[in-house]
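K.L.:
Quick one, what's the 3D model for this:
(chains A and B)
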Amino acid sequence: MATHLQIAEWLEGEPGPGVITARELARRRCEEDRPPPLPTAVPELDRLLEGGLTRGRLVELVGERSSGRFSLALALLAAATQAGEAAALVDLGDGLDPASAAAAGVELPRLLWLRPRGLREALAGAEMLVTTGFPLVVIELGVPPLPGAGSLRGGSQPAWLRLARAARTHDTALVVCSPYRTSGAAAAEVLAARAEPRYLGSGASPLLLLGLDTRVCLEKARGRSAGATETVCQHLAA
Amino acid sequence: MSSARVACLTVPLFPLAARLRSEPELRGEALAVLEGQGDRARVVAATRTVRRSGVRPGMTLPQARALLPDLVARGRDPECERAAQEALLEVAEGFSPRVEDAAEGRVYLDLTGIERHFPAGSLQESEAAAGRALVAAAEAAGMPAWIGIAGSKLAARVAAEEGGSPTVVPAGEEALFLAPLPLERLAPEVRVAVTLERWGVLSIGDLARLPEAEVASRLGPAGRELHATARGLDLRPLTPRRPPPVFREGMELEWPLVALEPFLFVSRAALERLCRRMEARGLACSRLELGLSLEPNGHDQRSVRLPAPTLDAKVLLTLVRLDLEARPPGAAVAGFAFSAHPNEPRVAQLSLLGPAALAPDRLATTVARLFALLGPDRVGSPRAPDGHRPERFELVPYEPPPPPPVHREPRRGLGLLTVRVLRPPVALEVLAAGEDDGDEVAEGSPACGGDGGEPLPRRLLQVRSTAADARARIDGRVRVAAGPWRMEEGWWSDEPVARDYWDVELVGGGLYRIYRERESGEWWADGMYD
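P.N.:
So this is what the prediction gives:
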């Protein structure tokens, strides 16, 4: 039986092999208790994200114009709604075409669509959705400049951190699709997308656009190494 | 079989209690409620402080003010009293399904069999416990009440007026209880009362001892009825009311309001009371109507749209605020009344093996709050209307179907490239090469515009948006232009759509879907492949 003095000595030193801190133990328990990740149904993304979107984490998907990020966001929504989960899209760019979303496999009755006018409304709406318990919330920020980004006092960082904390508390998979890195330290994983168009025919005026080849790179991954890259082929509907 | 037992729940000084329920900030003030206009208004009810200073019911306002200069005077408010009466009825309905509305702060309820819910050593103790619970519930609803329990309505009313609540008259002892009380407690008609006084009948017991047939032959039906009540019999049985289809709360304002904030301040308390009343009955507000009395004689009726039944007073208040800001009433508001149409809150069956459903009440509240934050046209479930124009969409209320009973894996992704719609379409200037090779022509020139067999541009060279909005900026030389392909819709309608589409990749990045209106020759971008 260890005496108080022995315990005090152990606590003062570094934990030895096989010994972990209480904080680490609590973190591991928390991770073990989490529900399984949400599969994205895009094998390349599932490989990058080690099985899918981890519930309770903020994942940022960065891509400039025509990088294929909006199609990837719809693919995530399609996977979640097909699994029977409720999902929400906070569409700051107001770019959703319901017919295209349905064609991409999104079950529209399970999708709640928000069309905020500015970043402040988008963040407030997203927080309401997260605290309600939506398993997947996708925030699509549209194209720059982000409307209302300058009106947030102290910048948007505190808001993203608050949102990430809410997502952790409510086990929500939170995906932020942005034209540039915006969520900062709040993001547990960051994916960057770049795309090349594919055409049928050649020369200056080919016959038909076939689709995009989107290279997705894992730029940041909390707790593991980043740098992996996958290519997602996206094609236009026939 | 046990005999019928009736409780009478009565609120003393009801006009005053109703006013204090609507304006709780007046508690502790020297308050009097008056009926009538101006100096002719007479005191109807007053707080204990006021009564101690000598103010009595029937005094005019100047008389009362002469005795108590600091008197706070309020007029009788039918809207307040109606809401308070409804609240009292709802309290009673929490204890019995058979409740009679006797108006003016009084309700009767059938308490037969209440001993099963309040078990005690004897029926009397059970009824006393139920009575205490009723009084506590009425106080929680903002109204101090007295209660009497007896075998008849009259005996119960007289018992309630005894004070010292609850007063329980044991079964079969109604006549005994009433006998020593003065005859005026039965509130007889003046003509009958004068006759009985002349006969020397002063107490209820004196009247009960007279032969019924003799009383009836001398005093008529009124006398016969009075004789029966003196013996503890009820000639008019309890008449249960039907629950109203709406819940109402409102009040007449002391002075007309012209600003929104003070109105919202008083509305908030009314909405909170409304939500509490519906919550007590397991209901939620599915539609809210607001009636405004406007100066001098106007009226404004409006309906506030709710996405789902809710009990969140803050949400209701925000929606009312948005509605009033969008459509101001146009005159000072002298009174208001909220009518809440109740509905069953949404319920969900929990699943053991499938995905968890969202809690319906939380979802309803969230959607209502999102309505308040963004507006009703910016929240909902998307739907694709018929047709091919991508800029069109429909929003329907968000009511997700229940999740599947077992967990199911999503199908493999289709890998579709979708279009980010530019809503509204962005006007463009396009530099194009015409039918003749190498001839560069500006947009709108005969070489590239018009319909009816006019040539399409052979090559698109440069695209530039004309809008000042930076988010809609599209500018650059065309790297690749694939197309054209044609879209026609509604040729049979008054507004046919005929467009020639190109997919355009710009040198600086961006893959856009642009089109030229065949009718006008104007160029637009309606989407970006992303």
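K.L.:
Export stretch B:464-481 to PDB, keeping only CA atoms.
P.N.:
What follows is stretch B:464-481 as a C-alpha-only set of coordinates in PDB (Å, rounded to 0.1, in the frame of the first residue of the first chain):
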ATOM      1  CA  ARG B 464     -16.700  40.000 -67.600                       C
ATOM      2  CA  SER B 465     -19.500  40.600 -65.100                       C
ATOM      3  CA  THR B 466     -21.200  44.000 -65.100                       C
ATOM      4  CA  ALA B 467     -22.400  43.800 -61.500                       C
ATOM      5  CA  ALA B 468     -20.500  45.900 -58.800                       C
ATOM      6  CA  ASP B 469     -20.900  43.100 -56.200                       C
ATOM      7  CA  ALA B 470     -17.400  41.600 -55.600                       C
ATOM      8  CA  ARG B 471     -18.900  38.200 -54.800                       C
ATOM      9  CA  ALA B 472     -20.400  38.100 -58.300                       C
ATOM     10  CA  ARG B 473     -17.200  39.100 -60.000                       C
ATOM     11  CA  ILE B 474     -16.500  37.000 -63.000                       C
ATOM     12  CA  ASP B 475     -13.700  38.400 -65.200                       C
ATOM     13  CA  GLY B 476     -11.100  36.800 -67.400                       C
ATOM     14  CA  ARG B 477     -10.100  35.400 -70.700                       C
ATOM     15  CA  VAL B 478     -11.800  32.200 -71.700                       C
ATOM     16  CA  ARG B 479      -9.400  29.200 -71.600                       C
ATOM     17  CA  VAL B 480     -11.900  26.600 -72.700                       C
ATOM     18  CA  ALA B 481     -15.600  27.000 -73.800                       C
END
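K.L.:
ok, residues contacting that stretch?
P.N.:
The contact list for stretch B:464-481 (C-beta atoms under 8 Å, 6 or more residues apart in numbering or on different chains) reads A:142-145, A:147, A:197, A:199, A:204-206, B:422, B:426-430, B:459-463, B:502-510, B:512, B:525. Where C-beta positions appear, they are placed from N, C-alpha and C, glycine not excepted.
K.L.:
can you tell me which of those are in strands?
P.N.:
Among these, the members falling in strands (DSSP state E) are A:197, A:199, B:422, B:426-430, B:459-463, B:502-506, B:512, B:525.
K.L.:
what about burial for these, which qualify?
P.N.:
With neighbours counted by 16 or more other C-beta atoms under 10 Å in any protein chain shown, the ones in strands among the contacts of stretch B:464-481 contain buried members at A:197, A:199, B:422, B:426, B:428, B:430, B:460, B:462-463, B:502-506, B:512, B:525.
K.L.:
shaky segments in chain A?
P.N.:
Scanning chain A for pLDDT under 70 picks out A:1-2, A:10-17, A:30-31, A:34, A:152-154, A:203-206, A:238.
K.L.:
rerun at 80
P.N.:
Along chain A, the parts satisfying pLDDT under 80 run over A:1-21, A:23-24, A:26-35, A:148-155, A:201-207, A:223, A:237-238.
K.L.:
quick one: the helices in the chain?
P.N.:
Answering for chain A, as no chain was given. Counting by DSSP state H, residue ranges of the helices within chain A are A:4-12, A:22-33, A:43-48, A:69-82, A:98-103, A:119-132, A:157-170.
K.L.:
switch to chain B, that's the one I care about
P.N.:
Applying DSSP H to chain B gives helices spanning B:14-22, B:48-52, B:61-67, B:78-93, B:123-140, B:153-161, B:174-178, B:190-199, B:204-209, B:212-230, B:260-280, B:313-326, B:360-374.
K.L.:
any idea of the angle the longest one forms with helix B:78-93?
P.N.:
With axes from the mean of the first three to the mean of the last three C-alpha atoms, to 10 degrees as the basis, helix B:260-280 and helix B:78-93 are set at 20 degrees to each other.
K.L.:
Helix B:260-280 - contacts with which helices or strands?
P.N.:
Here helix B:260-280 touches helix B:14-22, helix B:78-93, strand B:247-257, strand B:284-294, helix B:313-326, strand B:333-343, going by 3 or more C-beta pairs under 8 Å, 6 or more residues apart in numbering or on different chains; DSSP states H and E.
K.L.:
contact partners of the fifth one?
P.N.:
Applying C-beta under 8 Å, 6+ apart, the contact partners of helix B:313-326 are B:260, B:263-264, B:267-268, B:271-272, B:274-275, B:285, B:288, B:290, B:302, B:304-306, B:310, B:365, B:368-369, B:371-372, B:375.
K.L.:
try 6 Å
P.N.:
B:Leu260, B:Leu264, B:Arg268, B:Leu271, B:Glu272, B:Cys275, B:Leu288, B:Val304, B:Ala368, B:Arg369, B:Ala372 (C-beta atoms under 6 Å, 6 or more residues apart in numbering or on different chains).
K.L.:
Please tell me I have it right and B:Met487 contacts B:Arg499.
P.N.:
Yes. Counting by C-beta atoms under 6 Å, B:Arg499 is a contact partner of B:Met487 at 4.9 Å.
K.L.:
one step back: let me have the helices of chain B in TSV, adding mean pLDDT, distance to A:Arg23 and mean neighbour count as columns.
P.N.:
Formatted as TSV, the helices of chain B follow (pLDDT from 0 to 100; distance: least, C-beta to C-beta, whole Å; neighbours: other C-beta atoms under 10 Å in any protein chain shown):
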stretch	mean pLDDT	distance to A:Arg23	mean neighbour count
helix B:14-22	91	53	24
helix B:48-52	89	61	15
helix B:61-67	89	70	16
helix B:78-93	89	52	22
helix B:123-140	90	46	19
helix B:153-161	87	64	24
helix B:174-178	84	72	21
helix B:190-199	88	85	14
helix B:204-209	88	79	20
helix B:212-230	87	78	17
helix B:260-280	90	42	18
helix B:313-326	85	38	18
helix B:360-374	82	32	22
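K.L.:
Redo the ones you listed as a markdown table? Include distance to A:Leu74.
P.N.:
Compiled in a markdown table, the helices of chain B are given as follows (distance: least, C-beta to C-beta, whole Å):
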| stretch | distance to A:Leu74 |
| --- | --- |
| helix B:14-22 | 52 |
| helix B:48-52 | 69 |
| helix B:61-67 | 70 |
| helix B:78-93 | 49 |
| helix B:123-140 | 51 |
| helix B:153-161 | 67 |
| helix B:174-178 | 75 |
| helix B:190-199 | 82 |
| helix B:204-209 | 81 |
| helix B:212-230 | 76 |
| helix B:260-280 | 39 |
| helix B:313-326 | 30 |
| helix B:360-374 | 21 |
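K.L.:
rewinding a little: can the helices of chain A go into TSV with extra columns for distance to A:Ser225 and mean neighbour count?
P.N.:
TSV is the format used below for these (distance: least, C-beta to C-beta, whole Å; neighbours: other C-beta atoms under 10 Å in any protein chain shown):
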stretch	distance to A:Ser225	mean neighbour count
helix A:4-12	32	9
helix A:22-33	18	10
helix A:43-48	12	18
helix A:69-82	22	27
helix A:98-103	34	21
helix A:119-132	28	22
helix A:157-170	21	18
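K.L.:
can you list these in JSON lines and add distance to B:Leu88?
P.N.:
Shown next, in JSON lines, are those (distance: least, C-beta to C-beta, whole Å):
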{"stretch": "helix A:4-12", "distance to B:Leu88": "64"}
{"stretch": "helix A:22-33", "distance to B:Leu88": "49"}
{"stretch": "helix A:43-48", "distance to B:Leu88": "61"}
{"stretch": "helix A:69-82", "distance to B:Leu88": "48"}
{"stretch": "helix A:98-103", "distance to B:Leu88": "50"}
{"stretch": "helix A:119-132", "distance to B:Leu88": "36"}
{"stretch": "helix A:157-170", "distance to B:Leu88": "41"}
